[in-house]
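>>> Sequence below, structure please.
(one chain, ligands or ions: 2)
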Amino acid sequence: MRMLVLGAGALGGYFGGRLAEAGGDVTFLVRPRRAERLAGQGLILESPFGDARLPVKTVTAEALTPGWDVILLTCKAYDLEDAMASIAPAMDARTAILPVLNGLSHIETLQARFGVERVLGGLCKIQATLTPDGVVKQLNDWRWLTFGEVAGGMSARVAAIEAAFAGARGMEAKAVSNIAQRMWEKLVHLGTSAVGTVLMRANVGEIVRGGGSAWLQEVLARNAAIAAHHGHPMPESFMAEYRALFSEPGSAYATSMLRDIEAGNRIEGEHILGFLAEAARRAGVETAIHDAAALHARAYEQRRAANRLP
Ligand SMILES: NC(=O)C1=CN([C@@H]2O[C@H](COP(=O)(O)OP(=O)(O)OC[C@H]3O[C@@H](n4cnc5c(N)ncnc54)[C@H](OP(=O)(O)O)[C@@H]3O)[C@@H](O)[C@H]2O)C=CC1
Ligand SMILES: CC(C)(CO)C(=O)C(=O)O
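Ligands and ions are numbered 1, 2, ... in the order given. Have a look, this model is predicted:
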């Protein structure tokens, strides 16, 4: 299976790197600065499952030609337009796009551009980051890449992707028959942790130790109500797992959005927090907390644009 990975950041670097390490046919579609760094130092992974420094194949957008089975799309939501323009020359009738972005609305955007049949659903449960010196760091043992046909059911192509990743260490890739439901579950999970950690500028343990466990549970309940209104009720087993996750006083759990804020980077505020606030309004769920989180993200972006970050 020929895989093109757009982006060699936290997720692209980690999952693409693990597949390359296992002998998979992987090429990274990167911008010139990252291409230069990868050529110089290789792709460096630091992970509880074993570190690696790998020579990897790269290509830049101008040199891209068709002939890929899968494009693993790992950009941030604010780069989606540019990423779609970059992958367009790679697309042909056999190519499936597997996006791992958080959120939901990118699926329709990709379908509108490339056709419904070209786009898979996908999500990741992992905590990883790209350090300023170009190292992909996995921060704990979360390692799951989950994907499937947006319309539901299994297919030869998603089974083939699962098989391609089978030998890769430090990750578990799974094809599922209900990816739409699973993406809503991820949004409820991420929505709770992003609203919580971004509004409080603290990790889950710090919020809980500060007396915020009940508040996090309320955010979780509201996100579940939003998902239910949109046709995706959360199973009780899911709620039990995340009620426990959001009550742990010792937890160091934080989101990629909080890490980006702390590093002064752009964030996916509208794509995740703005989307959730709007979805809450449509669902008739009390919106005050979601509105505050979305506003907080917008105010952060304003401050960043004004060059006034500490
Ligand atoms: N990090 C995490 O722990 C998790 C992240 N996610 C989600 O996964 C998605 C990706 O996040 P993450 O991996 O952290 O992001 P990163 O910023 O670490 O990586 C994204 C990469 O995409 C590259 N990119 C963007 N546009 C293009 C383009 N047109 N051509 C080539 N490369 C491009 C960027 O390259 P450049 O360096 O050139 O800008 C960047 O390196 C997000 O939606 C995030 O919310 C989900 C679960 C966990
Ligand atoms: C929910 C979480 C923390 C884990 O995958 C995530 O998606 C993120 O940090 O962006």
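>>> Centre of this protein to the edge, which residue is at the far end?
Distance from the C-alpha centroid of the chain, by CA atoms, centre = their mean, peaks at G211 (28.9 Å).
>>> Give me the contact status of the strand ranked longest in the chain with ligand 1.
Determined from DSSP state E, the single longest strand within the chain is strand 135-149. No: looking at strand 135-149 against ligand 1 by CB under 6 Å from any ligand atom, there are no contacts, and the closest approach is 7.3 Å. C-beta coordinates here come from the backbone N, C-alpha and C atoms, glycine included.
>>> what distance separates that strand from the centre of its chain?
Taking CA atoms, centre = their mean, to the nearest Å, one finds strand 135-149 lying 9 Å from the centre of the chain it belongs to.
>>> For it, the averaged confidence score.
In this model, strand 135-149 has an average pLDDT of 98.
>>> Identify each buried residue in it, please.
Within strand 135-149, the residues scored as buried using 16 or more other CB atoms under 10 Å are V135, V136, K137, Q138, L139, R143, L145, T146, F147, G148, E149.
>>> of those residues, closest to Q127?
Checking the buried residues of strand 135-149 against Q127 with CB to CB, the nearest one is L139 at 4.2 Å.
>>> In three-state terms, label the residue lying closest to the closest one once chain neighbours are set aside for me.
Spatial nearest neighbour of L139, excluding adjacent residues (CB to CB, 6 or more residues apart in numbering): Q127 at 4.2 Å. Assigned by DSSP: H, G, I helix; E, B strand; the rest coil, the conformation of Q127 is strand.
>>> which ones are touching Q127?
Listed by CB atoms under 8 Å, 6 or more residues apart in numbering, the contact set of Q127 reads Q138, L139, N140, W142, Y253, A254, S256.
>>> In the stretch 1-150 of the chain, which residue sits closest to ligand 2?
Nearest residue of the stretch 1-150 of the chain to ligand 2: K125, at 4.5 Å (CB to the nearest ligand atom).
>>> How many residues are close by that residue?
15 (other CB atoms under 10 Å).
>>> which helix is the longest one in the protein?
Counting residues, the longest helix found in the chain (DSSP state H) is helix 179-200.
>>> Can you report how many residues lie near the closest residue to R259 other than its chain neighbours?
Leaving out its chain neighbours, the residue that sits closest to R259 by CB to CB, 6+ apart is T129, at 5.8 Å. Counted with other CB under 10 Å, the neighbours of T129 add up to 19.
>>> Beta-bridge partners for T129, please?
When bridges are called by DSSP bridges, T129 pairs up with K137.
>>> wait, doesn't it sit right on M257?
No: counting by CB atoms under 8 Å, M257 is not a contact partner of T129; they are 11.7 Å apart.
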